[in-house]
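Trainee: My questions concern the predicted model and sequence given below.
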Number of protein chains: 2
Amino acid sequence: MTVPPAEDSYRAGAVDLLGILAYGTLTAFERLAEDARMAPTLLDKIHVATMASAQIHYFAPLRDRLEEVFEVSVLAAMRPFHAPFNTFHEYTRPKDWYEGLLKAYVGDGIAADFYREVAAFVDEDTRTLVFEVLADRGHDEFVVSRVRAGIEADPKLAGRLALWGRRLVGEALSQAQRVAADRDALTSLLTGTSDRPGMDLPAISRMFSRLVANHTERMAKLGLQA
Amino acid sequence: MTVPPAEDSYRAGAVDLLGILAYGTLTAFERLAEDARMAPTLLDKIHVATMASAQIHYFAPLRDRLEEVFEVSVLAAMRPFHAPFNTFHEYTRPKDWYEGLLKAYVGDGIAADFYREVAAFVDEDTRTLVFEVLADRGHDEFVVSRVRAGIEADPKLAGRLALWGRRLVGEALSQAQRVAADRDALTSLLTGTSDRPGMDLPAISRMFSRLVANHTERMAKLGLQA
């Protein structure tokens, strides 16, 4: 096991990253369990319930790494992220099955891309865990097939979902800005410190371009304009 | 892997047992996910969400055994049990966190005891799977500690939960009777056929006594009268 750097700002940033992921698995579980309730068929329900359970499955390793390596309680590490996550979910309650599918696909897609960017700057074991937590387990493919079939059956759905996708991105960015403003340690993982390399402003701008390009590609897979 | 007996009534009974368990894991997932929403603390929420995900985890091996060994689709095997399960859940919606905990403990407890009795009469591999699906994973202990603490904080809760426990048993028996009346194959696993040993009437009566005794013991662990 690699030993993470002892520098305080590094440790605080890594703890924030693990904390946001731990709270993320818990809220993803709740949201997918809610989607499972709205599933139109039993097979869809089983698929989404299985995805929900895959999320909570990663809570324990995140908790263990926080507690064993960083000596921080998972409850404390998650606390700064309650408000932004809860606000995001309050402002983006899916009205139906399709809105729920799109929310999981678009919201988790952007969030996962961003966490992977940040993970480039943490120690190797933490990074391996982050990538494992964020790996797609067939949910993207499931969402694409279901949403495309839904639009085929009811072409009006496309316009509504394109609007919904833009709204999701807007609310996600608004909460991400809040986190960036409040959590210097997380931000400084990306930007670096005098002792530790990070991204300069052009690099950060290129990172945002990558996030936008990936989002546009995800929407295109659904046949929707980002 | 042992090959299950080819006799038709045996196979139909084993398929019923696996089908009822598969639908049971799905409804348990949904019910526990709902309980997680009502959890008073984040640690309680995480515990119950983890229990929910442990349930759905067993869906896949049940489906695989049904499809690979018995050549029956899991959707078909579950279908006879939609109505009794859904009716039971409709008639026993928990009004709060404690009613949800008791429902999981009492309802799943009796059901698991009964499925284990039936599993005594199926082939060894099926029985091993059934016992694995039904193994307690610390949820009983969790419920006992939470309910006892709740009653200590609010002694009036005891009376309400004792009533609720009796109501749960009544509704569960009523649906079990419906299943027994509709599913000859499942019943005949217990009672046997001319070629296959089973329980005679005194043995069935002793089985009911065991179910009642276990239930009474579970309630006593909560400090409640069954």
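Mentor: Arrived safely.

Trainee: mind checking which helix or strand of chain A has the lowest mean pLDDT?
Mentor: Every helix and strand of chain A was ranked by mean pLDDT, DSSP states H and E. The lowest is helix A:184-191, at a mean of 88.

Trainee: continuing past that one, what's the next helix or strand?
Mentor: As assigned by DSSP states H and E, the chain's next helix or strand after helix A:184-191 is helix A:201-221.

Trainee: Name the residues of the least confident helix or strand of chain A that come out as buried.
Mentor: A:185-191 (16 or more other C-beta atoms under 10 Å in any protein chain shown). Just so you know, the C-beta spots here come from the backbone N, C-alpha and C atoms, and that holds for glycine as well.

Trainee: Same list (those residues) but as JSON lines, adding distance to B:S174.
Mentor: Below are these laid out as JSON lines (distance: C-beta to C-beta, whole Å):
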{"residue": "A:A185", "distance to B:S174": "57"}
{"residue": "A:L186", "distance to B:S174": "55"}
{"residue": "A:T187", "distance to B:S174": "59"}
{"residue": "A:S188", "distance to B:S174": "62"}
{"residue": "A:L189", "distance to B:S174": "58"}
{"residue": "A:L190", "distance to B:S174": "60"}
{"residue": "A:T191", "distance to B:S174": "64"}
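
Trainee: now, which of those residues sits nearest B:M199?
Mentor: Taking C-beta to C-beta as the measure, A:L186 is the one of the buried residues of helix A:184-191 closest to B:M199, at 62.7 Å.

Trainee: quick one: the closest one and A:A14 touch, right?
Mentor: No. At 9.2 Å, A:L186 does not count as touching A:A14 under the criterion of C-beta atoms under 8 Å.

Trainee: Just the closest of the buried residues of helix A:184-191 to A:V179, please.
Mentor: A:V179 has its nearest neighbour among those in A:L186, at 6.8 Å by C-beta to C-beta.

Trainee: how about the nearest residue to the closest one, chain neighbours excluded?
Mentor: For A:L186, ignoring the flanking residues on the chain, the nearest one in space by C-beta to C-beta, 6 or more residues apart in numbering or on different chains is A:D16 at 4.1 Å.

Trainee: okay, now that neighbour: neighbour count?
Mentor: Using other C-beta atoms under 10 Å in any protein chain shown, A:D16 has 23 neighbouring residues.

Trainee: quick one: contacts for it?
Mentor: Applying C-beta atoms under 8 Å, 6 or more residues apart in numbering or on different chains to A:D16 gives the contacts A:77, A:80, A:183, A:185-186, A:189.

Trainee: Then A:A22?
Mentor: Neighbour list for A:A22: A:59, A:62-63, A:66, A:74, A:77-78 [criterion: C-beta under 8 Å, 6+ apart].

Trainee: Show me which of the residues you listed is closest to chain B.
Mentor: Nearest to chain B among the contacts of A:A22 is A:F59, at 6.2 Å by C-beta to the nearest C-beta.

Trainee: Setting the sequence-adjacent residues aside, check what's closest to the closest one.
Mentor: Nearest residue to A:F59 in three dimensions, chain neighbours excluded: A:T25, at 4.9 Å (C-beta to C-beta, 6+ apart).

Trainee: neighbouring contacts of stretch A:57-75?
Mentor: Applying C-beta under 8 Å, 6+ apart, the external contacts of stretch A:57-75 come out as A:1, A:4, A:11, A:14-15, A:18-19, A:21-22, A:25-26, A:77, A:125-126, A:129, A:132-133, B:42-43, B:46, B:49-50, B:53.

Trainee: try stretch A:93-106
Mentor: Identification of contacts with stretch A:93-106 by C-beta under 8 Å, 6+ apart yields A:28, A:31-32, A:34-35, A:38-40, A:44, A:51, A:92, A:139-140, A:143-144, A:146-147, A:150, A:157, A:161, A:164-165, A:168-169, A:215, A:218-219, A:222.

Trainee: Now the two most distant members of the contacts of A:A22.
Mentor: By the measure C-beta to C-beta, A:F59 and A:A77 form the most distant pair in the contacts of A:A22, at 11.8 Å.

Trainee: and chain A, which residues reach chain B?
Mentor: Neighbours of chain B within chain A, by C-beta under 8 Å from any C-beta of the partner chain: A:26, A:29-30, A:33-34, A:36-37, A:42-43, A:45-46, A:49-50, A:52-57, A:59-60, A:75, A:78.

Trainee: Go through those and flag which are in helices.
Mentor: Taking DSSP state H, the ones among these that sit in helices are A:26, A:29-30, A:33-34, A:36-37, A:42-43, A:45-46, A:49-50, A:52-57, A:59-60, A:75, A:78.

Trainee: What pLDDT is listed against the closest residue to A:R137 other than its chain neighbours?
Mentor: Excluding its sequence neighbours, the residue lying closest to A:R137 (C-beta to C-beta, 6+ apart) is A:A54, at 5.5 Å. If you check A:A54, the pLDDT there is 91.

Trainee: Am I right that A:A54 is in contact with A:D136?
Mentor: No. Using C-beta under 8 Å as the test, A:A54 is too far from A:D136 to be in contact (10.4 Å).

Trainee: Contacts for stretch A:83-90, please.
Mentor: Applying C-beta under 8 Å, 6+ apart, the set of residues contacting stretch A:83-90 from outside is A:23-24, A:27, A:31, A:107, A:171-172, A:175-176, A:178-179.

Trainee: Let me know the outermost residue of chain A.
Mentor: A:A153 (29.7 Å; C-alpha atoms, centre = their mean).

Trainee: per-residue pLDDT, that residue?
Mentor: As predicted, A:A153 sits at a pLDDT of 96.

Trainee: Where does the residue nearest the centre of chain A fall, secondary structure wise?
Mentor: The centre of chain A sits closest to A:A111, judged by C-alpha atoms, centre = their mean, with a distance of 3.1 Å. According to DSSP H and E, A:A111 maps onto helix A:97-119.

Trainee: Report the closest residue of chain A relative to chain B.
Mentor: Closest point on chain A to chain B, by C-beta to the nearest C-beta, is A:S53, at 3.1 Å.

Trainee: doesn't B:A33 make contact with that residue?
Mentor: No. A:S53 lies out of contact with B:A33 (C-beta under 8 Å); the separation is 9.4 Å.

Trainee: Alright, I will stop here.
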